[in-house]
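[1] generate coordinates for the sequence data below:
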Amino acid sequence: MEAVILILGLLVVAFVALGIYVSVKIVRAASRGVDRTITQARRAVEDTTLRAKSYGQVGVVGELAQLRLSLRTSMRATQEALQTGVTEDASLSESLGLFQRLSVHGRELDDELKRLEREPDKKTVGSLLPGLKKRTGEITRSADSLRWAARDRARQFADDDLATLNEQIDVEAGALRHWTTEEPVPGEQEPPGAPGAPGSARRQGQGQGQGHGHGHGHGQGNGLPGDAGIAEAITAADPRQQTTYPWQKSARPETTN
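    A predicted model of the protein is given here:
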């Protein structure tokens, strides 16, 4: 009895521990989902604000907003392309590692541009714009290069697969039309003595007819067994000795007027 109580107690503890573990996992997953949603919403708000500044404001503030917008757009597109492609092509893992190193420089530049937007000394910020534009161009150029290389690689794989598939389909289509390869080529004729040549069947029939004719002549003169066959062919067969089948119609008796 004490053993049963001990087992039941252990089962209760195990179920409670399992419930706590599942609850923690659910809470963490929900928390990650909420954080992801908040991050995406914040990113959308920042992008909308940067577009409004780049188009609605002139001077240093507008140029800084345009630099940030182009940098974020290029980096985000490259990240999505590499993360999507690495699931199908493991060789992109090295490219993804290079992009992560590039992302460090991109985040540093974005933070610097964001601080300069709030800088009151616009003249000093204006003097820094040529260097900021150069750094932004270098980072976006590298990101675009990785992104387009990954896309070109995926497109090349798709083209190679399509070419191989087309070759296999052509072979299968030729196998399905196998009778077309047995037809004679136009302009080519078979030898006169060949079985399929024109007139060969007629000459064979004439030869067989002549052979039978000679046989009949000898048969009439010598009384060979062939005469019985001729007599049976001439004399009408006895209908009582013919084999009938259930599906045959019976002959109607002749009536005399």
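[2] measure residue 167 to residue 29 for me?
    From residue 167 across to residue 29, the span is 47 Å (Cβ to Cβ, to the nearest Å). All C-beta atoms are positioned from the backbone trio N, CA, C, and that covers glycine.
[3] so where's the protein shaky on pLDDT?
    For the chain, applying pLDDT under 70 flags the ranges 34-36, 39, 180-257.
[4] burial of the nearest residue to residue 102 once chain neighbours are set aside, as a residue count?
    Excluding the flanking residues, the one nearest residue 102 by Cβ to Cβ, 6 or more residues apart in numbering is residue 142, at 5.7 Å. Neighbours of residue 142 under the rule other Cβ atoms under 10 Å: 18.
[5] with residue 140 instead?
    When neighbours are defined as other Cβ under 10 Å, residue 140 has 21 of them.
[6] who are the contact partners of it?
    By Cβ atoms under 8 Å, 6 or more residues apart in numbering, the contact set of residue 140 is 70-71, 74-75.
[7] list the helices and strands the host helix or strand of residue 7 packs on?
    Using DSSP states H and E, the element containing residue 7 is helix 2-56. Here helix 2-56 touches helix 60-86, going by 3 or more Cβ pairs under 8 Å, 6 or more residues apart in numbering; DSSP states H and E.
[8] and the helix it packs on, which residues are buried?
    Neighbour-count burial for helix 60-86 flags 60-61, 63-72, 74-75, 78-79, 81-82, 85-86 (criterion: 16 or more other Cβ atoms under 10 Å).
[9] next structured bit after it?
    Remark: after helix 60-86, the chain's next helix or strand is helix 93-117, criterion DSSP H and E.
[10] not counting its own residues, what contacts that next one?
    Helix 93-117 is contacted from outside by 53, 61, 64-65, 67-68, 71-72, 75, 78-79, 82-83, 86, 125, 128, 132, 135-136, 139, 142-143, 146, 149-150, using Cβ under 8 Å, 6+ apart.
[11] let's see 7 Å
    Here helix 93-117 makes contact (Cβ atoms under 7 Å, 6 or more residues apart in numbering) with 61, 64, 67-68, 71-72, 75, 78-79, 82-83, 86, 125, 132, 135-136, 139, 142-143, 146, 150.
[12] in it, what's buried?
    Quick answer for helix 93-117 (16+ other Cβ under 10 Å): 95-96, 99, 102-103, 106, 109-110, 113, 116.
[13] in CSV: those residues, plus distance to residue 172.
    Below are the buried residues of helix 93-117 laid out as CSV (distance: Cβ to Cβ, whole Å):
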residue, distance to residue 172
95, 37
96, 39
99, 42
102, 47
103, 48
106, 50
109, 55
110, 55
113, 58
116, 64
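[14] residues contacting residue 46?
    Contact analysis of residue 46 by Cβ under 7 Å, 6+ apart lists nothing.
[15] please tell me how far it sits from residue 37.
    From residue 46 to residue 37 the distance is 15 Å (Cβ to Cβ).
[16] likewise residue 178?
    With Cβ to Cβ as the criterion, residue 178 and residue 37 are 61 Å apart.
[17] residue 57 too?
    30 Å.
[18] ranges for the strands of the stretch 101-250 of the chain?
    For the stretch 101-250 of the chain, no strands are identified by DSSP state E, counting those that start in this stretch.
[19] identify the residues contacting residue 78.
    By Cβ under 7 Å, 6+ apart, the contact set of residue 78 is 99, 143, 146-147.
[20] hmm, try it at 6 Å
    For residue 78, the contact set (Cβ atoms under 6 Å, 6 or more residues apart in numbering) comprises 143, 146-147.
[21] also residue 70?
    Contacts for residue 70 (Cβ under 6 Å, 6+ apart) come out as none.
[22] gap between it and residue 178?
    Counting by Cβ to Cβ, the gap from residue 70 to residue 178 is 60 Å.
[23] one more: residue 95?
    From residue 95 over to residue 178 (counting by Cβ to Cβ), the distance is 48 Å.
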